[in-house]
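> generate a structure from the sequence data that follows.
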Amino acid sequence: MRTLCSSTLIGEFFVIGFAALVAMKDPDLSTATVWLVSGIAMVLCLALCGVITRPGGVALGWALQIALVASGVFVPTMYFLGLVFAALWWASVHYGRKIDEAKARFAAQADGPPASGADTA
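Have a look, this model is predicted:
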């Protein structure tokens with residue numbers, strides 16, 4: 001799960017940075033505010049890469065997805081991109097857990113006793 005979720009978060013890191021460049025064109029938003037909010041979101045993306053498997057990591061990721069969709073208020077394209085990344089986040093969590101379960105099953109089978117009838121000599 002860690003690899004898939006981290007890949008999604010790194011992609012979001014770049015999308016947030018590019019969205020900040022677009023948001024700077026809005027005369028109602030100050031450059032400092034845009035970069036403060038975007039910078040916090042970008043740092044959160046990187047920090048989540050390290051804590052994704054800890055308790056609450058996935059929930060923080062969902063909070064980030066909601067914030068990304070909500071940023072469409074300032075950059076309308078982010079409604080679409082936020083939904084795309086929310087779908088990617090869901091897929092990363094869902095399939096990442098399935099992959100982790102499969103790896104655990106394979107590891108348990110590899111550590112198990114040898115098959116009956118195996119020659120130990």
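> low-confidence ranges, the protein, go.
Within the chain, the segments meeting pLDDT under 70 span 112-121.
> all helices for this structure, in order.
Taking DSSP state H, the helices of the chain run over residues 2-23, 31-51, 57-70, 77-111.
> kindly reformat these as TSV containing mean neighbour count.
Where C-beta positions appear, they are placed from N, C-alpha and C, glycine not excepted. Putting these into TSV (neighbours: other C-beta atoms under 10 Å) gives the following:
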stretch	mean neighbour count
helix 2-23	18
helix 31-51	15
helix 57-70	17
helix 77-111	14
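> return the distance of stretch 43-53 from the chain's centre.
Centroid separation between stretch 43-53 and its chain, computed with C-alpha atoms, centre = their mean, to the nearest Å, is 8 Å.
> list the contacts of it.
When contacts are taken as C-beta atoms under 8 Å, 6 or more residues apart in numbering, the neighbours of stretch 43-53 outside the stretch itself are 1-2, 5-6, 9-10, 12-13, 16, 57-58, 60-61, 64.
> closest one to residue 92 out of those residues, please.
For residue 92, the nearest member of those is residue 5. The distance, counting by C-beta to C-beta, is 4.6 Å.
> residues contacting that closest one?
48, 49, 52, 58, 61, 89, 92, 93, 96.
> mind putting these in TSV, distance to residue 108 included?
Supplementary listing: the contacts of residue 5 in TSV, determined by distance: C-beta to C-beta, whole Å:
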residue	distance to residue 108
48	29
49	28
52	23
58	24
61	28
89	29
92	24
93	23
96	19
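> coming back round to it: quick check, nearest of the contacts of stretch 43-53 to residue 26?
Using C-beta to C-beta, residue 16 is the member of the contacts of stretch 43-53 that lies nearest residue 26, at 15.6 Å.
> what separates that closest one from residue 39, distance-wise?
9 Å (C-beta to C-beta, to the nearest Å).
> cool, residue 91 as well?
As judged by C-beta to C-beta, residue 91 and residue 39 stand 27 Å apart.
> ok, residue 17 next?
Look at residue 17 and residue 39: by C-beta to C-beta, they are 9 Å apart.
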